[in-house]
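Enquirer: with the sequence up front, the predicted model follows.
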Amino acid sequence: WNVPTLNRVVVTVSAGDSVIGEGAKVRLLDAQGNVLYRAVSDNRGVAYLFVPTGSRAASVEAEFCGEVVRADCEGVSEVRLSFNLRYEPTARKLDLMLMVDTTGSMSDELEYLKAELKDVVERAQSESGVASVRTSVNFYRDEGDEYVVRYFGFRDSIDEAVAKLSEQHAAGGGDMPEAVHTALDNAVNQHAWDEDSIKLMFLVLDAPPHYNDEVVKSINESLARAAEMGIRIIPVVASGSDLTCEVLFRSMAVLTGGTYAFLTDDSGIGYPHSEPQVGEYDVEKLNDLMVRVISEYCA
């Protein structure tokens, strides 16, 4: 998939003794000043930059409130950048998106989300302390199905988002790969993400993309753009997936500063789930996991 996850530079941005937790724009540069990778710092002041294959990083720079700071990074994997300004956190707001595979094998997961999404959003807002939450629910299948992507814009009312979710059903598919690249392009490029928001996208799916040069190019472009915008991709991998899925979807999380989640057989519901290759892990209810992950990015 040509995802450049091996050569990572971790950048921490601060102002004096305080980390900047509101989204500094961070860039990785080569010796000629060309931008190799762009990202946005998270609520811990951390941004992850990746060196594309065949390139060589020379420096990093960060921009915040009109000020730019830069440091050399050749031969190092961690850099700290400090701004000479007074930093005071402002009220946080959250853009929360679900992009859900709604082919036939995803019926159990879709019905679960219908029942739980409102509780997840309300609990996450209460526990994280964000001032506001906008929610967008979106659905995809594959070429030749009833639709490829069915999407709805961000809504201030969780009830409106749940109503759109409740109208959906799982059908179609039939072969293993689905239109994941089209769903990613839609999620990243065809929605009005708030520039100043915390941006989280839960990608709920159980199948890989189709594999060809055009799809690989599209996926990498969407991932690079998501990182540049500060959209954290959080794959939630369901039954039927395999090691190829795990490698690709874990890479999506890594490249965008997201995190990787997966369903297990513990619930006794649905088709069997592949044993993940992540080492030791804790099992928790999906509702609680989503609330916890959202709160961690918003704290």
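Expert: Looks like it came in fine.

Enquirer: which regions of the chain lie under the pLDDT threshold?
Expert: Along the chain, the model assigns pLDDT under 70 to no residue.

Enquirer: now the helices for it?
Expert: Applying DSSP state H to the chain gives helices spanning 107-128, 158-166, 180-189, 213-229, 243-255, 286-298.

Enquirer: my guess is Pro89 contacts Ala15, does it?
Expert: No - using Cβ atoms under 8 Å, Pro89 is not in contact with Ala15, being 10.6 Å away. (C-beta placed from N, C-alpha, C; glycine too.)

Enquirer: which one of these two is surrounded by more residues?
Expert: A direct count of neighbours by other Cβ atoms under 10 Å for Pro89 and Ala15 places Ala15 higher, at 20 against 10.

Enquirer: from Gly66, how far out is the residue lying closest to the more buried one once chain neighbours are set aside?
Expert: In space, and not counting its chain neighbours, Ala15 is closest to Tyr87: 3.7 Å by Cβ to Cβ, 6 or more residues apart in numbering. Per Cβ to Cβ, to the nearest Å, Tyr87 is found 13 Å from Gly66.

Enquirer: tell me which of those two has more neighbours.
Expert: Neighbours around Tyr87 and Gly66, counted as other Cβ under 10 Å, are more numerous at Tyr87. The numbers are 18 against 6.

Enquirer: show me what contacts that one?
Expert: Ala15, Gly16, Ser18, Ile20 (Cβ atoms under 8 Å, 6 or more residues apart in numbering).

Enquirer: of those residues, keep whichever come out buried.
Expert: If you count burial by 16 or more other Cβ atoms under 10 Å, the buried members of those come out as Ala15, Ile20.

Enquirer: dump the contacts of Tyr87 into JSON lines; add distance to Ser132 as well.
Expert: Listed next are the contacts of Tyr87 as JSON lines, based on distance: Cβ to Cβ, whole Å:
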{"residue": "Ala15", "distance to Ser132": "25"}
{"residue": "Gly16", "distance to Ser132": "29"}
{"residue": "Ser18", "distance to Ser132": "24"}
{"residue": "Ile20", "distance to Ser132": "21"}
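
Enquirer: now for the contacts of Tyr87: which two are most distant?
Expert: Maximum pairwise distance among the contacts of Tyr87 (Cβ to Cβ): 10.1 Å, between Gly16 and Ile20.

Enquirer: hey, where'd the strands end up in the chain?
Expert: 8-15, 18-19, 25-29, 35-40, 46-50, 59-64, 67-72, 78-83, 93-101, 132-140, 149-151, 198-205, 231-237, 261-262 (DSSP state E).

Enquirer: reformat the helices of the chain as a markdown table; add distance to Gly268.
Expert: A markdown table is the format used below for the helices of the chain (distance: least, Cβ to Cβ, whole Å):
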| stretch | distance to Gly268 |
| --- | --- |
| helix 107-128 | 11 |
| helix 158-166 | 24 |
| helix 180-189 | 27 |
| helix 213-229 | 33 |
| helix 243-255 | 22 |
| helix 286-298 | 14 |
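
Enquirer: would you list these in a markdown table and tack on mean neighbour count and distance to Leu96?
Expert: Listed next are these as a markdown table, based on neighbours: other Cβ atoms under 10 Å; distance: least, Cβ to Cβ, whole Å:
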| stretch | mean neighbour count | distance to Leu96 |
| --- | --- | --- |
| helix 107-128 | 18 | 7 |
| helix 158-166 | 17 | 9 |
| helix 180-189 | 22 | 12 |
| helix 213-229 | 18 | 15 |
| helix 243-255 | 19 | 16 |
| helix 286-298 | 19 | 7 |
